[in-house]
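Chemist: Fold the stuff below for me.
(one chain, ligands or ions: 2)
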Amino acid sequence: MLVFPNAKLNLGLYVTQRRPDGFHTLESVFVPLPWTDAFEMLPAVAGQSTSLTLTGRPIPGDPATNLCVRAYELLQADFPELPPVQLYLHKIVPIGAGLGGGSADAAFALKAANELFSLNLSTEALESYARQLGSDCAFFIRNKPVLAVEKGDVFEEIDLNLNGVGCVVVYPNLHISTAEAYARIAPQLPQHPLRAALAQPMSTWRNTISNDFETALTPSHPVLAEIKQQLYDAGATYASLSGSGSAVYGLWESGEPAATTWPAEYTVWQGML
Ligand SMILES: C[C@@](CO)(OP(=O)(O)O)[C@H](O)COP(=O)(O)OP(=O)(O)OC[C@H]1O[C@@H](n2ccc(N)nc2=O)[C@H](O)[C@@H]1O
Ligand SMILES: Nc1ncnc2c1ncn2[C@@H]1O[C@H](COP(=O)(O)OP(=O)(O)O)[C@@H](O)[C@H]1O
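Modeler: Ligands and ions are numbered 1, 2, ... in the order given. Sure thing, here's the model as predicted:
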């Protein structure tokens, strides 16, 4: 089974409290971004154990702990009849970018195993497995725009139509660790609650919707502010850091981005949401 795990964007991100377990509560709208990896799951040849073949962008860390392997092993713990599998991951989405690429691979591995081996797991059951793999991971099970609360793993419906919105995502080849980014934040409640701010025209978002990580990370990484300014100079209606960075995106409610030259070491994605 071949699937295409997509990235996500955070539209607004407020870190509201530090929890006793060291994690944080947040308020953010998660939106699917059609920038994808390619992931394949096949039953292994008889006598072979589970394997992962990686191509594309190098992924730091031991392949045995790759999130798509961990996702399959999590299911195997509850369904011992699941056979060894051959996994192939062609990595395209930048890593440590605030785009949730690893979480997407894990969630799509859960969904692929559910279909390939007819486990008949409900959406809720898949979300529950996903939560054990990462705070962002459960979002990719339903994979539609939601208001995320708690650890970013509990979702409320939101009426948000981004059809026809143009998007440019710029990754400045800078890996930011999510844990380190959280450590720089002083949690507080947002000035403008996100649901109400998003209900206003996109042209107002620049003044009402922000990302706490952007405020916390920009002093040590001024390149984030430079990219954001370039996106506004190219006519973006709204621009922001995604998640804990380092990818910065611009949205165009109508019209096209003005031609912009980015440094050769950057990775840039452009398309419609
Ligand atoms: C910041 C966000 C916003 O969408 O996205 P990314 O920038 O990673 O894409 C997420 O909260 C990232 O979720 P995810 O990347 O799944 O994080 P996890 O693997 O669960 O946790 C990594 C580390 O981040 C911190 N963490 C994560 C989530 C959370 N609600 N509070 C935290 O404090 C913890 O230090 C944890 O050890
Ligand atoms: N399939 C995977 N794709 C990307 N990263 C992975 C994967 N499996 C494990 N990881 C680990 O997860 C970390 C963060 O991954 P990622 O989801 O891309 O971060 P972010 O959400 O901040 O963009 C990386 O440092 C990497 O070592």
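
Chemist: Mind pulling up the pLDDT for the closest residue to residue 6 other than its chain neighbours?
Modeler: Nearest residue to residue 6 in three dimensions, chain neighbours excluded: residue 36, at 4.7 Å (C-beta to C-beta, 6 or more residues apart in numbering). (C-beta placed from N, C-alpha, C; glycine too.) Listed pLDDT for residue 36 reads 98.

Chemist: Kindly report the same for the one 10 residues further on.
Modeler: According to the model's per-residue confidence, residue 46 sits at a pLDDT of 93.

Chemist: where does it land in three-state SS?
Modeler: State at residue 46, reduced to three classes by DSSP: H, G, I helix; E, B strand; the rest coil: coil.

Chemist: That one: how many residues sit nearby?
Modeler: 7 (other C-beta atoms under 10 Å).

Chemist: That one and residue 153, how far apart?
Modeler: 38 Å (C-beta to C-beta, to the nearest Å).

Chemist: Same question for residue 120.
Modeler: Counting by C-beta to C-beta, the gap from residue 120 to residue 153 is 23 Å.

Chemist: so what secondary structure elements neighbour the longest helix belonging to the chain?
Modeler: As assigned by DSSP state H, the longest helix anywhere in the chain is helix 101-116. Counting contacts by 3 or more C-beta pairs under 8 Å, 6 or more residues apart in numbering; DSSP states H and E, helix 101-116 packs against strand 2-3, strand 6-18, strand 38-43, helix 67-78, strand 85-91, helix 123-131, helix 139-142.

Chemist: could you redo the last one with a cut-off of 6 Å?
Modeler: When contacts are defined as 3 or more C-beta pairs under 6 Å, 6 or more residues apart in numbering; DSSP states H and E, helix 101-116 packs onto strand 38-43, helix 67-78, helix 123-131, helix 139-142.
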